[in-house]
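S.K.: Predicted model follows, preceded by the sequence.
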Amino acid sequence: MKHAISVLIICSDRLDEATRCLESLAKLGDRLHEVLLLQNAPTYPWRDNCFESVASSVRRKLSIVISETRLFPTTGRNKLAQRATGSVYLFLDDDSLVLNRDGIEKGVRILERDASVGSIAYPQSTEKGELAPYTQPAPVEHACFACGFMTCAAITRADVYHQLGGFQELLQMAHEENEFCKRHWDAGYAVIYLPERCICHNPSPVARNSRQRAKLNARNIWYQAVLHEPLWLLSFTLLPRLVQAARYLRYAAEWTGGNWAPLFREALHDFWHDLPALLRQRHPLSLRTMRLWQQLKHDHSPCAVLAA
């Protein structure tokens with residue numbers, strides 16, 4: 001089966017960056033099936049001809065989905081995926097760029113020939129094709145199994161995405177990719193990291209809330225524990241995770257420009273508010289998955305599945 005790519009992009013007041021992102025999609029050629037762009041509650045009106053610089057081959061396949069209220073990334077991506085008709089989803093941020101087709105083509109072909117692979121993770125690159133100084137899915141220069149990906153540079157089979165239920169919306173953002181990949185491995189689907197530098201990510205300062213991200217980074221550690229850890233393990237780990245979150249927020253206060261204690265209280269308030277929903281959606285991972293997850297965080301051996 002030859003996969004057709006649906007590109008899913010959330011645009012949050014970064015119209016210029018989104019335009020460049022759309023311009024770069026012409027490199028995908030006939031692999032491009034459609035582009036779904038979420039207009040995520042913009043604070044200013046978009047020009048009627050704002051994408052006139054985008055190649056007509058891309059504009060013809062572009063659909064703009066409008067949300068009057070600001071959606072978190074997990075909800076926004078799930079909303080786009082419900083409308084997508086391609087067999088593979090390419091996740092990009094609005095400040096991402098496709099640098100070349102070759103690396104994406106390699107990932108899509110792996111998905112075509114191996115039904116046990118659910119997603120492909122790519123590194124965050126600069127426009128010059130160098131590794132960007134941000135978090136990477138794996139710290140190696142060869143293909144390997146991975147325990148996560150970045151939604152500014154990843155592809156996922158559509159059938160796997162919907163089988164797993166998409167992104168966990170209670171997380172809102174931060175750690176949602178890792179949580180999604182845990183469910184991959186638990187369901188028997190691999191996540192593979194390819195070192196091809198085919199996608200650039202230039203994080204824009206526009207519409208970014210570092211204080212909110214710090215809070216979500218901290219509290220989503222607890223959320224994942226409640227969602228996926230067996231009760232016997234959760235009874236031992238929840239308190240240490242609270243301490244871990246407090247330490248992280250004390251560190252984060254240095255770059256968020258504020259006091260860590262209010263953020264910690266907000267995170268606790270969110271946790272208690274969402275606890276009933278977290279318990280309803282609990283899906284403890286198997287011990288095999290948990291052991292594998294810990295192994296993949298440190299073992300980046302070359303991936304045998306790519307030998308074919």
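M.R.: Sure thing, it's come through. The shown structure was predicted, so the numbers you read here are calculated from the model rather than taken from an experiment.
S.K.: now the strands for the chain?
M.R.: Applying DSSP state E to the chain gives strands spanning 5-11, 32-40, 62-67, 88-93, 96-98, 117-121, 144-145, 154-157, 190-193, 199-201.
S.K.: for the ones you listed, which one sits closest to His283?
M.R.: strand 117-121 (16.3 Å; Cβ to Cβ). Where C-beta positions appear, they are placed from N, C-alpha and C, glycine not excepted.
S.K.: strands paired with the closest one, and their directions?
M.R.: The pairing partners recorded for strand 117-121 under DSSP bridges are strand 154-157 (antiparallel), strand 190-193 (parallel).
S.K.: Format the strands of the chain as CSV; extra columns: mean neighbour count, distance to Arg291 and mean pLDDT.
M.R.: Below are the strands of the chain laid out as CSV (neighbours: other Cβ atoms under 10 Å; distance: least, Cβ to Cβ, whole Å; pLDDT from 0 to 100):
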stretch, mean neighbour count, distance to Arg291, mean pLDDT
strand 5-11, 26, 32, 95
strand 32-40, 22, 37, 94
strand 62-67, 14, 40, 92
strand 88-93, 26, 28, 96
strand 96-98, 25, 33, 95
strand 117-121, 27, 19, 96
strand 144-145, 22, 14, 93
strand 154-157, 25, 24, 96
strand 190-193, 24, 15, 96
strand 199-201, 24, 31, 91
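S.K.: mind listing what's buried in the lowest-mean-pLDDT helix or strand in the chain?
M.R.: Across the helices and strands of the chain, mean pLDDT, DSSP states H and E gives its lowest value to helix 231-256, namely a mean of 80. Neighbour-count burial for helix 231-256 flags 234, 241-242, 245-246, 248-249, 252-253, 256 (criterion: 16 or more other Cβ atoms under 10 Å).
S.K.: and of those residues, the nearest to Asn40?
M.R.: Using Cβ to Cβ, the buried residues of helix 231-256 come closest to Asn40 at Thr256, 22.5 Å.
S.K.: burial measure for Thr126, as a count.
M.R.: 16 (other Cβ atoms under 10 Å).
S.K.: Pass me the low-pLDDT residue ranges in the stretch 201-308 of the chain, would you?
M.R.: 205-208, 255-258, 304-308 (pLDDT under 70).
S.K.: what about 90?
M.R.: 201-219, 221, 230-268, 293-294, 297-308 (pLDDT under 90).
S.K.: Could you pull out the helices in it for me?
M.R.: 210-228, 231-256, 260-280, 287-296 (DSSP state H, counting those that start in this stretch).
S.K.: buried set for the first one?
M.R.: Within helix 210-228, the residues that qualify as buried by neighbour count (16+ other Cβ under 10 Å) are 211-212, 214-228.
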